[in-house]
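Visitor: sequence first, predicted coordinates after that:
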Amino acid sequence: MKMILVRELKKETNKYIDKKVKIAGWVRNNRAQKEFGFLSINDGTTLSTIQVVYDQELTNFKEIGKINVGASVLIEGVVIATPTRKQAFEIKASKVTLFADVDEDYPIQPKRHSREFLRENAHLRMRTNLFNAVFRVRSVAAHAIHKFFQDQGFVYVHTPLITASDGEGAGEMFTVTTLPLEKVPIENGKVNYKEDFFARQTHLTVTGQLQAEAYAQAFRDVYTFGPTFRAEKSQTQRHASEFWMIEPEMAFCDLKGMMKVAEEMVKYIIKDVLDNCPEEMELFNSFVEKGLKDRLTKVLESKFKMITHEEAISNLLNSGVKFETKPQYNGDLAREHEKYLTDKYGPVFVINWPKEIKAFYMRLNDDNKTVAAVDLLVPGSGELIGGSQREERLPYLLKRMEEMKVPKEDLWWYLDLRRFGGSTSSGFGLGFERMIMYLTGVENIRDVIPFPRTPRNAEF
C-alpha cells in the first residue's frame, strides 16, 4: 500500500472515503481511554492534524495508549467521513506502528508555551502550530519573491558573502580571518592582514547591492536574495545579526520606476501568501494579530502614496502630537513618526532624504541638500523597504566618498562602473524577516528566522 500525504487526503477527501490508506507522522496528542483512544497526527505537509481512532481490537492497543506526544508513527486504516464534526474525516486505525518514541522530558507538550521558552528550543519549536505556520509562510513568501522577479525577466545573482568593502559605510561588520587569535601578526602597530587568508582585511557582507549594480550594467534587471550580516549590538525586536535581504537592481531606471516595482512586489507577495496559506493566515488572524487579514487586504487594494522627507517632517511638527523623539528636518524618522505617517496615509513612500544621513552611493538631487532616496512605510510595521537612485556621475560620487571618508582604493571596481558605460540605476533592499513579521503579525524577528543569531547568542 502506497503511503499518502495528509495534504492529499485533505485536498481530495471524497476520493479516499471508505478506502484504506497509510500515513506517517508525529503524535501531537494521545487521548487513551478504556476501550478506545484518539491520536492527533501531523505529517508536516499541512498545518492541521488528522484524528486517528484506535480501539481494543488492535493487538497492541495498550502499547498504543502509552505512545508519547512527539513520537513518530505509521498508521494504516480506513478513511471515515465525519461531516457533522469540525474535521471532514478521520482514520479508523487497523494498524499503528511506532517508529520512534520520545523521552519523558520532551519539551513540546500540548499546552501553551511562551515564545521565550520556544526560542530556547528552536530545534523543536516548528512542531508547534504557531511556528509551523510561520516557517511555512516564510517558504511560500520566498518562492513568491523568486516568481515575481523571474516572471519579469530579472536575473538572479549570487553575490559574495565575504567582501573587502563596507557597502553601507556603517562599519558594523564581522571580520573574516584565519589569523591565529592567540598571536596576531602585528606590523607598525597594526594587524598585518597581508598574512591573512585573503592577504587583506575581509568581512561578512552587509549588502549585495554593489555587486548587483555591476551585474545590472550587463543584464539590466537583476536581484539578489541571500543572507547578510551586521555586527550591531542591538537587542531590539527588529534587529538580528544574520538576516536575509532581497535586493533588486535595475539599469536605465529612475527612483519613480523603482518605487513602482517595489509596490508591485509587496502586493504580489501578500496576495501569494494569502492565496496559498489560508490555514496559516487564519491562525495568525485569530491568535497573533486580530484584523491581520483586513490590514493586508487594504494594502492590496490601496495605491501607495508619496511624500518628501521635508513634507513628512512638516506633517509631524504640525500634527499637534507630542512625540518622544522630536522630528527634525535633517534627521531620521523614529518608529512613532512612521506610525503617525502610516495612520494618516496608509502605505507611503518617503522620498528625497537629507544627504547627511544616507549612503554615499545615492544620487544627489539638484538642491545639493537631499539625495534620491526612498523608504517605504507600511501600517503596522513602519519601514519595510529602503532604496535609492544610484549616483551615476563619477565626479559627484567621488566627492560624496570623500565627504563620507569611504576609501576609494577598496571600491576601484565600483568606480569603474561609472567610467565604462554606466547608466542610470536604481534599486532597493527588503529585509526578508521584516516582510515575514509584516505578513504574520509576529513582532519579534527572532521568531521568524529558523535559528536566530543575535548578540551573545549563536545557539544551534
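Guide: Here it is on my side, so go on. Numbers count the residues shown, from 1 in each chain.

Visitor: what's the neighbour count on residue 437?
Guide: Counted with other Cβ atoms under 10 Å, the neighbours of residue 437 add up to 22. In short, each C-beta sits where N, CA and C put it, glycine included.

Visitor: give me the distance between the nearest residue to it once chain neighbours are set aside and residue 231.
Guide: Of all residues not flanking residue 437 in the chain, residue 448 sits nearest, at 5.5 Å (Cβ to Cβ, 6 or more residues apart in numbering). For residue 448, the distance to residue 231 (Cβ to Cβ, to the nearest Å) stands at 21 Å.

Visitor: ok, the two, which is more surrounded?
Guide: Set side by side, residue 448 and residue 231 show more neighbours around residue 448, with 25 against 15, by other Cβ under 10 Å.

Visitor: so what's residue 308 up against?
Guide: By Cβ atoms under 8 Å, 6 or more residues apart in numbering, residue 308 lies in contact with 350-352, 370.

Visitor: quick check: phi and psi at it.
Guide: With angles defined as degrees, to the nearest 10, residue 308 sits at phi -80, psi 160.

Visitor: and the residue lying closest to residue 403 once chain neighbours are set aside, how many neighbours?
Guide: Distances taken as Cβ to Cβ, 6+ apart place residue 360 nearest to residue 403, at 7.8 Å, with adjacent residues excluded. Other residues near residue 360 come to 21 when the count uses other Cβ under 10 Å.

Visitor: with residue 197 instead?
Guide: Neighbours of residue 197 under the rule other Cβ under 10 Å: 12.

Visitor: likewise residue 348?
Guide: Residue 348 has 21 neighbours, counted by other Cβ under 10 Å.

Visitor: and the nearest residue in space to it that is not next to it in sequence, what pLDDT?
Guide: Using Cβ to Cβ, 6+ apart and skipping residues adjacent in sequence, the residue nearest residue 348 is residue 305, 4.4 Å away. We have a pLDDT of 97 for residue 305.

Visitor: distance check, the residue in the chain sticking out farthest from the centre against residue 92.
Guide: Largest separation from the mean C-alpha position in the chain: residue 57, at 48.7 Å (Cα atoms, centre = their mean). Distance check for residue 57 against residue 92: by Cβ to Cβ, it reads 10 Å.

Visitor: what are the ranges of the strands in the stretch 151-300 of the chain?
Guide: With DSSP state E, counting those that start in this stretch as the criterion, the stretch 151-300 of the chain has strands at 155-156, 162-163, 175-176, 186-187, 190-191, 202-204, 221-229, 242-251.

Visitor: relative to residue 350, how far out is residue 277?
Guide: Distance of residue 277 to residue 350, computed by Cβ to Cβ: 30 Å.

Visitor: before we move on, back to that, tell me the contacts of the residue nearest to residue 348?
Guide: Counting by Cβ under 8 Å, 6+ apart, residue 305 touches 345-349.

Visitor: cool, residue 271 as well?
Guide: Residue 271 makes contact with residue 300, according to Cβ under 8 Å, 6+ apart.

Visitor: ok, the residue nearest to residue 437 to residue 115 distance?
Guide: In this view, residue 448 and residue 115 are 11 Å apart by Cβ to Cβ.

Visitor: likewise for residue 303?
Guide: Using Cβ to Cβ, residue 303 is found at 36 Å from residue 115.

Visitor: who has more neighbours, residue 277 and residue 350?
Guide: residue 350 (26 against 21).

Visitor: next up, the contacts around the more buried one.
Guide: By Cβ under 8 Å, 6+ apart, the residues touching residue 350 are 307-309, 312, 333, 341, 374-377.

Visitor: what pairs with the helix or strand hosting it, parallel or antiparallel?
Guide: Element membership for residue 350 (DSSP states H and E) is strand 348-354. Partners of strand 348-354 in the sheet, by DSSP bridges, are strand 305-308 (parallel), strand 370-378 (antiparallel).

Visitor: tell me which of those strands sits most buried.
Guide: Of the strands paired with strand 348-354, the one with the most neighbours on average (mean count of other Cβ atoms under 10 Å) is strand 370-378, at a mean of 24.

Visitor: against which helices or strands is the next helix or strand after that strand packed?
Guide: Heading C-terminal from strand 370-378, the first helix or strand you meet, by DSSP H and E, is strand 382-389. Applying 3 or more Cβ pairs under 8 Å, 6 or more residues apart in numbering; DSSP states H and E, we find strand 382-389 packed against helix 255-276, helix 335-345, strand 370-378, strand 425-431, helix 432-440.

Visitor: to residue 130, which of these lies closest?
Guide: Closest approach to residue 130 among the helices and strands packed on strand 382-389 (Cβ to Cβ): helix 432-440, 9.0 Å.

Visitor: just the C-alphas of the closest one, formatted as CSV.
Guide: Output of helix 432-440 as CSV, limited to C-alpha atoms (Å, rounded to 0.1, in the frame of the first residue of the first chain):
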residue,chain,number,x,y,z
PHE,A,432,13.0,39.3,4.4
GLU,A,433,12.4,38.9,8.1
ARG,A,434,10.7,42.3,8.3
MET,A,435,8.4,41.1,5.5
ILE,A,436,7.6,37.9,7.4
MET,A,437,6.9,39.9,10.5
TYR,A,438,4.5,42.1,8.5
LEU,A,439,2.7,39.1,6.9
THR,A,440,2.3,37.2,10.2
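
Visitor: other SSEs contacting it?
Guide: Secondary elements touching helix 432-440 (3+ Cβ pairs under 8 Å, 6+ apart): helix 129-151, strand 242-251, helix 255-276, strand 382-389.

Visitor: who's more crowded, residue 303 and residue 115?
Guide: Between residue 303 and residue 115, residue 115 has the larger neighbour count (other Cβ under 10 Å), namely 15 against 8.
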